[in-house]
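> predicted model and sequence below, questions to follow.
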Amino acid sequence: MTEATGIVGEFLSLKEETDADLLTMQCGDFYEFFAEDAEIVADELELKVSQKSSHGSSYPMAGVPVDDLTPYLKALVERGYRVAVADQYETDSGHAREIVRVVTPGTLLETSDADAQYLAAIVADSSARGDDPGYGLAFADVTTGRFLVAEADDTDEALTELYRFDPVEVLPGPEVRADDDLLGLVRERLKATLTLHETEAFAPRRADHAVREQFGERVDRLGVGEPAVAAAGAVLDYVEETGAGVLASMTRIQAHRGDDHVTLDATTQRNLELTETMQGEREGSLFATIDHTATSAGGRLLKEWLQRPRRSLADLERRQESVAALSTAALARDEIQDALGEAYDLARLASKASHGSADARDLVAVRETLSVLPAVADAVGSNPDLADSPLVDVLKRPDREDARELRSELEDAIVEDPPSTVTQGELFREGYDDELDGVIERHEEVREWLDTLAEREKRQHGLSHVTVDRNKTDGYYIQVGKSAADGVPGHYEQIKTLKNSKRFTTDELEEKEREVLRLEERRGELEYELFEELRDEVATRAELLQDVGRALATVDALASLATHAAENRWVEPDLRRDDRLEIEQGRHPVVEQTTEFVPNDVRLDEERDFLVVTGPNMSGKSTYMRQVAAIVLLAQIGSFVPAKDAEIGLVDGIFTRVGALDELAQGRSTFMVEMSELSNILHTATEESLVILDEVGRGTATYDGISIAWAATEYLHNEVRAKTLFATHYHELTGLAEKLPRVANVHVAADERDGEVTFLRTVRDGPTDRSYGIHVADLAGVPDPVVDRSRDVLERLREEKAIEAKGGASNEPVQTVFDVSSGQFRGPANADGGERPTAEGDDPKSTLDPETERVLEDLADVDVNETPPVELLSKVREWQRRLEE
Ligand code: ADP
Ligand code: MG
């Protein structure tokens, strides 16, 4: 394909061997990128591009020193590139190069942040009929060795699981590759790189073999079907092929069951700002607010809890019990957290050991972390409340005796404070290995002999100005000052003359020199061998390290929940199996941190499971609803909650549709997104779900919007029967409370005194006073004609339950009547008083001419509170002009 020869030619032909996006090739002390790759890398990482000429052609070239490769690789991979690394090795005839590893987002070991880093595969069930086949999924985190499989009944569920694990790289199976809709959603909603791994890796038999090879017969006990096994097999194959070399740390396969967890779709995770805010910041997220963990593994686990709330009452009560005990035992908690402060990330260290990249300091980190376990256990054991709590079981899960043995093994082996590079020597304690001790002893003897040589020579031969030293070219030498140089003994052999001195050697010195070199080499070799042995030994204990790491992380996460509860006066919610949701003086967990928060109640039960929330703009509707969702979610991770008292019936899913602003950025039409999410909620929510709808229907013309909101409410109430909170600015919906038995109105109160509006932030029963908006418009300086006309329109709406617009074809008022009792629109009344059927079926808009309709839409879209009076006035003038035309 290419004419290039020489080093660039080699680069280009290696490049053809790999499907990685970029290739970097070792050339001596540098890793180089050439040609197009050089330009991409230079662009991304602000590297300097130089030109490499090769047989008359010139190629861009960018390079990094061998020792600096890792940070560059990391940066490229974090930008979504897959980078192949070709190493240079010696051969008989010079050297050759070979691709040793492909570093990809899902197989990057050198991660610096504490987040989980999942590599996922998704495989469709090809044996299923129908258009929604069901899926098998696998998730592996190479940095910690975690490996899970999951199953999903349909596309929505599969996406929910993908969102939940938030993988950085996804391997779609053969069928999934052809599914543009699914791939589109994955691309849009996940920050993952999509990688098309060879389809053979997904083949059922090959995958099954790979999975058994890795995990043994445990696979049969997982109870998952062929697609999940295929996904797992493909992940293993991929990890192996990319050369990450961490398969050994993947010791355990677990099944993740969606049914055990609260369904949280991607929109809900984002709306509730679980791990990042709508603006994409960590700060201000629910996680950042409640996170007081002392270790990165603890933080990772706490985040996982938030993303995967549980449904099992027994599990949750166990966590609650521990949190309760820890929240009162403040001193013991401090002690535990201090001890945890000394812990390192054991699961990550286990992966590094398996990969062979752990250095001596990493093994020391393992040793130190293993000793945190008994320290934490002691702190728990010596406090009666804690000793009586499920924390004890958490700490019992890892094999404490094995952990103690490994720790003492490491203590006997490695010195207190070893150097970071393995080849530097001085890693091992005396007594660890006899041969090494022998070598070191002899080495020191010879060194001692050399150190004292100068003194001896002075004395024996009556010389002054004698030093013994060593350098690269001369090796060891005896240096004698010029004045004394003539008096050296006969067996001295001169090797160099300097300005003020001469250098000599002797047979004996040369012999000692050879011995020193031999001993140094042997010592280095031996230490390296012993170190590798020890590291492999640690790698074989990966499972133990993961267990200990998990136990410490669990204690850390529970202590963090306890700390937050104690510091913020949170209470232990009463978890129940029924439909009740009663929160007394609830607060929003994040907003309460920065505001003088006005607490609010909520009450839902079998007789009242649908609240229509009204209130003026900015009064606190959205906050109120999110607060309810957040409290339920916190309760279902086992946390205390921000309230005075809370009874919480467990839910199987939380669904939200909040605001529309954020969707604009994604380029999908806001209304389309709004409706597809509404559709998802109506399909997936159950009687046991909590549904939060915030201004749904706002994205379209008023009549459309009301109709959709109305119908969705009926459906949720009658068919789904989910616990629902629905904030709406469509006042018409408050009429539903009269019609549907379990619907109730609440409103956020506001107060106006002396021209000042005060938002009381207090939620009260009953609908809001609808004229309030107009009043605010008046206060805000909206021109009188507009305010007066609004009052007019409002009057009519009240009396006739009709929405009217002026300026039809005949310039007569046209009316469309929204009948609250039937929830339907009727056509305008005729002059004779009879009803004229709406033209073109039920579409009320067809009675208006298109321009009038557009004016109406514009009118509906104007946010009176947000628009300056002058602009409003000019808008009104413009509408009048358009209507007159
Ligand atoms: P709405 O949805 O009604 O327009 P929001 O829920 O967005 O109103 O709230 C508007 C502002 O009021 C936000 O800045 C929010 O932080 C604040 N707020 C809302 N509820 C409370 C409350 N209970 N106590 C204190 N501040 C609140
Ligand atoms: Mg709002």
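Sure thing, it's come through. Model, not experiment: these values are computed from the prediction. Ligands and ions are numbered 1, 2, ... in the order given.
> name the helices or strands packed onto the host helix or strand of Leu171?
Remark: Leu171 resides in strand 169-172, with elements defined by DSSP states H and E. The helices and strands touching strand 169-172, judged by 3 or more CB pairs under 8 Å, 6 or more residues apart in numbering; DSSP states H and E, are strand 119-124, helix 180-189, strand 193-194, helix 226-241. (Each C-beta comes from the backbone N, C-alpha and C, glycine too.)
> of these, which is nearest ligand 1?
Taking CB to the nearest ligand atom, helix 180-189 is the member of those nearest to ligand 1, at 24.4 Å.
> only C-alpha atoms, please: export that closest one in PDB.
As requested, the backbone C-alpha atoms of helix 180-189 are provided in PDB (Å, rounded to 0.1, in the frame of the first residue of the first chain):
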ATOM      1  CA  ASP A 180     -28.600   1.500  14.400                       C
ATOM      2  CA  ASP A 181     -31.200   2.700  16.900                       C
ATOM      3  CA  LEU A 182     -29.600   0.900  19.800                       C
ATOM      4  CA  LEU A 183     -26.100   2.000  18.800                       C
ATOM      5  CA  GLY A 184     -27.300   5.600  18.400                       C
ATOM      6  CA  LEU A 185     -28.700   5.600  21.900                       C
ATOM      7  CA  VAL A 186     -25.400   4.100  23.300                       C
ATOM      8  CA  ARG A 187     -23.400   6.800  21.400                       C
ATOM      9  CA  GLU A 188     -25.600   9.600  22.500                       C
ATOM     10  CA  ARG A 189     -26.000   8.800  26.200                       C
END
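> give me the contact list for that helix.
155, 158-159, 162-163, 170, 172, 176-177, 192, 194, 266, 666, 668 (CB atoms under 8 Å, 6 or more residues apart in numbering).
> try it again with 6 Å
Here helix 180-189 makes contact (CB atoms under 6 Å, 6 or more residues apart in numbering) with 155, 159, 266.
> what about the first one, distance to ligand 1?
Counting by CB to the nearest ligand atom, to the nearest Å, the gap between Thr155 and ligand 1 amounts to 32 Å.
> how many neighbouring residues does that residue have?
Using other CB atoms under 10 Å, Thr155 is surrounded by 19 other residues.
> repeat that for the second one.
When counting by other CB under 10 Å, one arrives at 21 neighbours for Leu159.
> look up how far Leu534 lies from the closest residue to Glu240 other than its chain neighbours.
Excluding the flanking residues, the one nearest Glu240 by CB to CB, 6 or more residues apart in numbering is Leu247, at 6.1 Å. Distance check for Leu247 against Leu534: by CB to CB, to the nearest Å, it reads 20 Å.
> quick one, which of the two is more surrounded?
Leu534 (21 against 18).
> got a list of contacts for the helix or strand where Ser351 lies?
Assigning secondary structure by DSSP H and E places Ser351 in helix 346-355. Contact partners of helix 346-355, identified using CB under 6 Å, 6+ apart, comprise 109, 143-145, 245-246, 248-249, 358, 362, 365-366, 369, 535, 538-539, 542, 545-546, 548-549.
> where does the stretch 101-250 of the chain have low pLDDT?
128-131 (pLDDT under 70).
> so which residues on the stretch 551-700 of the chain come close to ligand 1?
591, 595, 597-598, 600, 615, 617-623 (CB under 6 Å from any ligand atom).
> what about 5 Å?
The stretch 551-700 of the chain comes close to ligand 1 at residues 591, 595, 597-598, 617-623, as judged by CB under 5 Å from any ligand atom.
> so which pair among those residues is furthest apart in space?
Based on CB to CB, the longest span within those runs between Phe597 and Asn617 and measures 19.3 Å.
> ok, those two, which is more surrounded?
Set side by side, Phe597 and Asn617 show unequal neighbour counts under other CB under 10 Å, the larger going to Phe597 at 19 against 15.
> next, the nearest residue to that one once chain neighbours are set aside: phi, psi?
In this structure, Phe597 finds its nearest non-sequential neighbour in Arg587, 4.9 Å apart by CB to CB, 6+ apart. The phi/psi pair for Arg587 (degrees, to the nearest 10) reads phi -130, psi 160.
> same deal with the one 3 residues further on?
Dihedral angles phi and psi of Val590 (degrees, to the nearest 10) take the values phi -90, psi -50.
> so it touches Ile290, yeah?
No: assessed by CB atoms under 6 Å, Val590 is found out of contact with Ile290, at 8.9 Å.
> rounded mean pLDDT for stretch 508-517, please.
Per-residue confidence for stretch 508-517 averages out to 91 on the pLDDT scale.
> may I see the buried residues of that stretch?
Within stretch 508-517, the residues scored as buried using 16 or more other CB atoms under 10 Å are 509, 512-513, 515-516.
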